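Peer 1: sharing a sequence plus its predicted fold:
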Amino acid sequence: MEEKEVMAAAAETAESAQVTEQKNGSTEMDRVLTTRQLVVNGLAWLCPACIVMYYGIVNQMSGGAFPLVVLIAGVVMIFAAFGYANMGKKYIQGGSVYTYVGGTFGPRLGFMSGWLMILDYFLMPMICYLTSGLYLNILFPSISANVFTILTIIFVFLCNFIGVRVASFVNLINIIVPIFMLIITMVFIVKFVLTDAPQSTGTLLSMKAFMSPETIMWGGVLQGAAIMCEMFIGFDIATTLAGEAKNPTKTVPAAVIIIVIYTAISFFVTAYLFNCGWVYEEGMLKDPNTAVTEYYVYLGLGWMNTVFVPVNTIACIGCCIAGNISSSRILYNMARDGFLPKKIFGYIHPRFKTPSFNVLLAGIAGLSALLFQGQVLGAANLCSFGGLLGMVLVNACVIGAYWHKDKLRGTSNFFKYVVLPIIGGGATLFLWCQLSVTAKIVGFSWLALGAIILGIKTKGFKEMPPEMDFSEVA
């Protein structure tokens, strides 16, 4: 069959897959998500408005080069995202990195990549739980930040337990409200700058807002870019939810590209305007972890903190909902393929059609946020380990699947399936190398645990691991 015919057949199969019971009696998740809903879940995961929380942290570590850091991360992520879009056309069930690596390089590496991404998706919501507690504690200092963190975890669990449709609706609200707040903030910043206020650039075209040669710290720029890449990981949500997407060969790749391009532009504009409004100087911030609240006071809009903190909480909830959806679906796919006990990790709630045990486990993992109070930078480094390596693996899969296995040749295919993946994967690997030693120690320890589990499952690697289900391959 021609490639277009194969794609059309796969799309038709996906479109008609809205079933809840198969002949063997197992329960499946419904295919109900459109491109818009995939984009909503992705944007909720990365939350375009959450970039403001990194104003103090990234400026401090880079010497005032916040916009430059975001630009580097954005360019790298656009190249990396093409890898996900290409693999999303080929594998139309959920699982993302786990499914792509397993289908391209075999079940052993597939299991290890899935294990790697579980770490990423379990830990990424930790930052949002953490910052939610920190900001709410500013508004209500008599209540511990840990209390707010725990309450957020419980709410996210309930949303994801009820189902992906409810989560998508909640996430839609969680996107609109924070973005509306962000737009209002940037309007105030532009007005502030154009009045030539002290400590602002006095103009909207300023190299000093972008970076300052006198203060820039290139090591911090690169490490900051590595951390910022994790903020873009929302485009991966579209691929992990492929098993619940309508016509996934079209909706998933489209959602990936829309998410990453929109995010790159919005993140850069926000970072640049924030630096125009208040040019970074060493020692000007009391607490970089919650610097945006100081920013509002600097603008003479301290009252807006009473609005920002609840809105930020809403945004954090959206991020956590999307992250927990992904981790629970990866566990489900690994159980489906026999790597994990199917009765537990492959269980689908008969009423809500969600992997309820996995959702609960993801919520429990969120409690790790209690260990990082006041240490957002450390948490961000740790969370970036799996995400960045996952992007490297996906781009390697593009070369292995299209160029090597399918033998798609020609100048155009060479550019799409060799050149772009090398650029995307290579640049991402370079940024991964900038992460802290602690993050790498924890990450490799997690991978070692996964290798032990795989060794036990294969009786000392003497047997092949369980066969992965790639019945839904375009």
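Peer 2: Yes, it's here. Not measured: the values here are computed from a predicted model.
Peer 1: remind me which residues of the stretch 101-250 of the chain are low pLDDT?
Peer 2: Segments of the stretch 101-250 of the chain classed as low confidence (criterion: pLDDT under 70) are 163-174, 234.
Peer 1: now the helices for it?
Peer 2: Secondary structure of the stretch 101-250 of the chain (DSSP state H, counting those that start in this stretch): helices at 107-139, 145-162, 164-194, 207-210, 218-231, 235-240, 248-277.
Peer 1: same question for the stretch 251-400 of the chain.
Peer 2: In the stretch 251-400 of the chain, the helices defined using DSSP H, counting those that start in this stretch lie at 291-298, 305-336, 342-345, 356-365, 376-398.
Peer 1: hey, least reliable of the ones you listed by pLDDT?
Peer 2: Note on the helices of the stretch 251-400 of the chain: helix 305-336 shows the lowest mean pLDDT, a mean of 80.
Peer 1: residues of that helix that come out buried?
Peer 2: The neighbour-count check on helix 305-336 (16 or more other CB atoms under 10 Å) flags 305, 308-309, 311-336 as buried. In short, each C-beta sits where N, CA and C put it, glycine included.
Peer 1: next one: stretch 155-162
Peer 2: Buried residues in stretch 155-162, defined by neighbour count with 16+ other CB under 10 Å: 155-157, 159-162.
Peer 1: quick check: buried residues in stretch 61-75?
Peer 2: 61-74.
Peer 1: among those, name the ones in helices.
Peer 2: 61-62, 66-74 (DSSP state H).
Peer 1: turn the residues you listed into CSV, including distance to Pro465 and pLDDT.
Peer 2: Output for these, formatted as CSV (distance: CB to CB, whole Å; pLDDT from 0 to 100):
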residue, distance to Pro465, pLDDT
Met61, 41, 94
Ser62, 43, 95
Phe66, 44, 97
Pro67, 45, 97
Leu68, 44, 97
Val69, 40, 97
Val70, 40, 96
Leu71, 41, 97
Ile72, 38, 97
Ala73, 35, 96
Gly74, 37, 95
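Peer 1: what's the closest of those to Asn146?
Peer 2: Closest approach to Asn146 among those (CB to CB): Met61, at 25.8 Å.
Peer 1: quick one, what contacts that closest one?
Peer 2: 217, 220, 223-224, 377 (CB atoms under 8 Å, 6 or more residues apart in numbering).
Peer 1: closest one of those to Val292?
Peer 2: Ranked by distance to Val292 (CB to CB), the contacts of Met61 are led by Leu377 at 15.3 Å.
Peer 1: chain neighbours aside, what residue packs nearest to that closest one?
Peer 2: Spatial nearest neighbour of Leu377, excluding adjacent residues (CB to CB, 6 or more residues apart in numbering): Ile57 at 5.5 Å.
Peer 1: shouldn't that neighbour be within a helix?
Peer 2: Yes: under DSSP: H, G, I helix; E, B strand; the rest coil, Ile57 falls within a helix.
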